[in-house]
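Novice: requesting a structural model of the entry that follows:
(2 chains)
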Amino acid sequence: MSGVESRVPIGLDRETSRRNFLKTAAWTGAALSAMGIGGFGVAVRRAEAEGEYKTYEGLGDAAIVAFAYQLELLEGTFYAEGVKAGIFKDAFLEQIVAIRDHEMAHADALATTLGQLGEEVPATPQFTFPGGTFGDAATFLELAATFEPVGIGAYQGAAPALKSKDILAAAISIHNAECQHRCAINILNLINPPNDLAFEVALPLQKVQAAVKPFGITG
Amino acid sequence: MNNNINVPGAHELARPRTRRDFFKTLAVAGAGATATSALFAGKASAKTDDVDIANFALTLEYLEADFYARALDAGVLSGDALGVVQNLESHESQHVDALVGLLDSVGATPVEKPTFTFPADAFSSEGSILDLAATFEPVGVGAYLGAAPLISSPDILAAAGSIAGVEGEHVVAINWLLGVVPYANEAFPKALTLDEVSAAVAPFMGGEMLSTGGPKLSAAEAYRLAHV
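Specialist: Here you go, the predicted structure:
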């Protein structure tokens, strides 16, 4: 790990213990299962009853895009470090490289959108990852499997709150890419069949914020 | 960071700009458009647009569910492909149920399940099934991505996003079975316009997309219109 640490431009936070990280991951998983994915009827009733999108409505388009930009930077940095760590090869490496490029392309597109809106592009946060994250493929992929549903849940939750239809079109396309990543990470985690979800799950803003806070996004 | 992705702006992603664009017909020439126009006939008010979109999505889900059910019945799948297709059939059937439930819940009438036709050798082997699946799934994704910005109800939009993402996962699972690497290889999955979607599915509708009317075309004519 010291070799990796010397090469990474991010802080590997030794204070964020693996135990704390796993608590976060477990919490996210529990939150997702608690949402119940037993069918669309449930999803619709939930949307009507709780409306995840309502938690994003007060933000406005620019703040939603700025938040999404930081999520993409977090994901892009995570996958970039995974590539640099030298823990993947062959098809696995090709997939991790592709996801890295996708996340960075999403960040670029969102930064462009912020520019079009006349908004400042947020500074890149100082991301922190649990020690050992980049030490082996299994640990890395375990974290990847928790990241993707957070990104999916954020876009899916925020989409109906967006005022601009152009930004919505971009957000729903990026959301789809994140869903594709979730399935690809399932494949790398040897989950078979990898297409194991009938309905994607939206997350309310507060749960997304709580899930990414340990990694350095405090916005 | 070296990005080898051509990054589109939000405006480029937003292909169908208006409902009129999305529901733009293929003039009188296109089989899909002719049939699809019948679907929307008499439903011009803004309040029914979401219903139109949901019914169109329901038609696509019926097509996919029917395709995968027949694929399972053909008995030519095994191993990884069998597991994936069992889930595909289950997901599409759940999407059908969900959309019917959604339409019922708003007092709208769900479209009847159309009669679908498939190429003669569509179910003869695992390879032919997966090849056709690989053409269906991006159409499903593109249809939802194209329609999403046109949906008025936030609750229906939330539901559409939930289903659209699953169709995206299907693309990846099929890529995996076909040996396409990387499995997830689109930074920005593409939106399709209604005429593009209609042209893609017309061959499976025998030129008669819906029972609500429209001239019936031969399957061969429908293919020609879809591919020329």
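Novice: what about the residue in chain B that chain A sits nearest to, how many residues close to it?
Specialist: At 2.6 Å from chain A, residue B:98 is the closest residue in chain B, using Cβ to the nearest Cβ. In this view, the C-beta of every residue, glycine as well, is placed from N, C-alpha and C. Here the count is done by other Cβ atoms under 10 Å in any protein chain shown, and residue B:98 has 25 residues near it.
Novice: after the helix or strand of chain B with the lowest mean pLDDT, which helix or strand is next?
Specialist: Using mean pLDDT, DSSP states H and E, helix B:31-40 stands out as the lowest-scoring helix or strand of chain B, at a mean of 34. Moving toward the C-terminus from helix B:31-40, the next helix or strand (DSSP states H and E) is helix B:49-73.
Novice: and that next one, which residues are buried?
Specialist: B:49-68, B:71-72 (16 or more other Cβ atoms under 10 Å in any protein chain shown).
Novice: touching, residue A:165 and residue B:149? I think so.
Specialist: Yes. Counting by Cβ atoms under 8 Å, residue A:165 touches residue B:149, with 4.1 Å between them.
Novice: give me the more crowded residue out of these two.
Specialist: Neighbours per residue, other Cβ under 10 Å: of residue A:165 and residue B:149, the larger number sits with residue B:149, 27 against 17.
Novice: now do the same contact list for residue B:139.
Specialist: Residue B:139 is in contact with B:60, B:192, B:197, B:200, B:201, counting by Cβ atoms under 8 Å, 6 or more residues apart in numbering or on different chains.
Novice: please save the CA atoms from the helix or strand harbouring it in CSV.
Specialist: For residue B:139, the host element (DSSP H and E) is helix B:126-147. The C-alpha coordinates for helix B:126-147 follow below in CSV (Å, rounded to 0.1, in the frame of the first residue of the first chain):
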residue,chain,number,x,y,z
GLU,B,126,-28.7,-19.2,-28.1
GLY,B,127,-26.7,-17.1,-30.5
SER,B,128,-29.8,-16.0,-32.5
ILE,B,129,-31.7,-15.2,-29.3
LEU,B,130,-28.8,-13.1,-27.9
ASP,B,131,-28.3,-11.3,-31.2
LEU,B,132,-31.9,-10.2,-31.2
ALA,B,133,-31.8,-9.3,-27.5
ALA,B,134,-28.8,-7.1,-28.2
THR,B,135,-30.9,-5.1,-30.7
PHE,B,136,-34.0,-4.9,-28.4
GLU,B,137,-32.4,-3.6,-25.2
PRO,B,138,-30.7,-0.4,-26.6
VAL,B,139,-34.1,0.4,-28.2
GLY,B,140,-35.8,0.1,-24.8
VAL,B,141,-33.1,2.3,-23.2
GLY,B,142,-33.4,4.9,-26.0
ALA,B,143,-37.1,5.0,-25.8
TYR,B,144,-37.2,5.7,-22.1
LEU,B,145,-34.3,8.3,-22.4
GLY,B,146,-36.1,10.0,-25.3
ALA,B,147,-39.5,10.1,-23.5
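Novice: just for chain A, where's the confidence low?
Specialist: Where chain A drops to pLDDT under 70, the residues are A:1-50.
Novice: go again with 80.
Specialist: In the predicted model of chain A, residues A:1-50, A:219 satisfy pLDDT under 80.
Novice: need the contacts of residue B:139 in a markdown table (columns: pLDDT, distance to residue A:120 and secondary structure).
Specialist: A markdown table is the format used below for the contacts of residue B:139 (pLDDT from 0 to 100; distance: Cβ to Cβ, whole Å; DSSP: H, G, I helix; E, B strand; the rest coil):
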| residue | pLDDT | distance to residue A:120 | secondary structure |
| --- | --- | --- | --- |
| B:60 | 96 | 41 | helix |
| B:192 | 95 | 34 | coil |
| B:197 | 92 | 39 | helix |
| B:200 | 92 | 42 | helix |
| B:201 | 92 | 44 | helix |
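Novice: that older thread, now the residue of chain B closest to chain A: how far from residue A:94?
Specialist: Look at residue B:98 and residue A:94: by Cβ to Cβ, to the nearest Å, they are 35 Å apart.
Novice: next one: stretch A:180-198 to chain centre, how far?
Specialist: 16 Å (Cα atoms, centre = their mean, to the nearest Å).
Novice: ok, stretch A:87-95 next?
Specialist: Worked out by Cα atoms, centre = their mean, stretch A:87-95 lies 20 Å from the chain centre.
Novice: distance to residue A:219 added to the contacts of residue B:139, as JSON lines?
Specialist: Shown next, in JSON lines, are these (distance: Cβ to Cβ, whole Å):
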{"residue": "B:60", "distance to residue A:219": "38"}
{"residue": "B:192", "distance to residue A:219": "34"}
{"residue": "B:197", "distance to residue A:219": "38"}
{"residue": "B:200", "distance to residue A:219": "41"}
{"residue": "B:201", "distance to residue A:219": "43"}
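Novice: closest one of those residues to residue B:76?
Specialist: residue B:201 (23.4 Å; Cβ to Cβ).
Novice: wait, the closest one touches residue B:63, no?
Specialist: Yes. If you go by Cβ under 8 Å, residue B:201 and residue B:63 touch, sitting 6.1 Å apart.
Novice: what sits against the residue nearest to the spatial centre of chain A?
Specialist: Residue closest to the average C-alpha location in chain A (Cα atoms, centre = their mean): residue A:151, at 3.2 Å. Contacts for residue A:151 (Cβ under 8 Å, 6+ apart) come out as A:71, A:72, A:75, A:178, A:181.
Novice: ok, and the most crowded of those?
Specialist: Counting by other Cβ under 10 Å, top hit in the contacts of residue A:151: residue A:178 with 29 neighbours.
Novice: got the CA coordinates for the helix or strand containing that residue in PDB?
Specialist: Following DSSP H and E, the helix or strand that holds residue A:178 is helix A:165-188. These are the backbone C-alpha positions of helix A:165-188, laid out as PDB (Å, rounded to 0.1, in the frame of the first residue of the first chain):
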ATOM      1  CA  LYS A 165     -35.500  19.500 -19.600                       C
ATOM      2  CA  ASP A 166     -32.100  19.600 -21.200                       C
ATOM      3  CA  ILE A 167     -30.400  18.900 -17.900                       C
ATOM      4  CA  LEU A 168     -33.000  16.200 -17.200                       C
ATOM      5  CA  ALA A 169     -32.100  14.500 -20.500                       C
ATOM      6  CA  ALA A 170     -28.400  14.600 -19.600                       C
ATOM      7  CA  ALA A 171     -29.100  13.400 -16.000                       C
ATOM      8  CA  ILE A 172     -31.200  10.400 -17.200                       C
ATOM      9  CA  SER A 173     -28.600   9.400 -19.700                       C
ATOM     10  CA  ILE A 174     -25.900   9.500 -17.000                       C
ATOM     11  CA  HIS A 175     -28.200   7.700 -14.600                       C
ATOM     12  CA  ASN A 176     -28.400   4.900 -17.200                       C
ATOM     13  CA  ALA A 177     -24.600   4.700 -17.500                       C
ATOM     14  CA  GLU A 178     -24.400   4.300 -13.700                       C
ATOM     15  CA  CYS A 179     -27.000   1.500 -13.900                       C
ATOM     16  CA  GLN A 180     -24.800  -0.100 -16.600                       C
ATOM     17  CA  HIS A 181     -21.800   0.200 -14.200                       C
ATOM     18  CA  ARG A 182     -23.700  -1.500 -11.400                       C
ATOM     19  CA  CYS A 183     -24.400  -4.500 -13.600                       C
ATOM     20  CA  ALA A 184     -20.700  -4.500 -14.800                       C
ATOM     21  CA  ILE A 185     -19.500  -4.400 -11.300                       C
ATOM     22  CA  ASN A 186     -21.800  -7.400 -10.500                       C
ATOM     23  CA  ILE A 187     -20.100  -9.200 -13.300                       C
ATOM     24  CA  LEU A 188     -16.600  -8.500 -11.900                       C
END
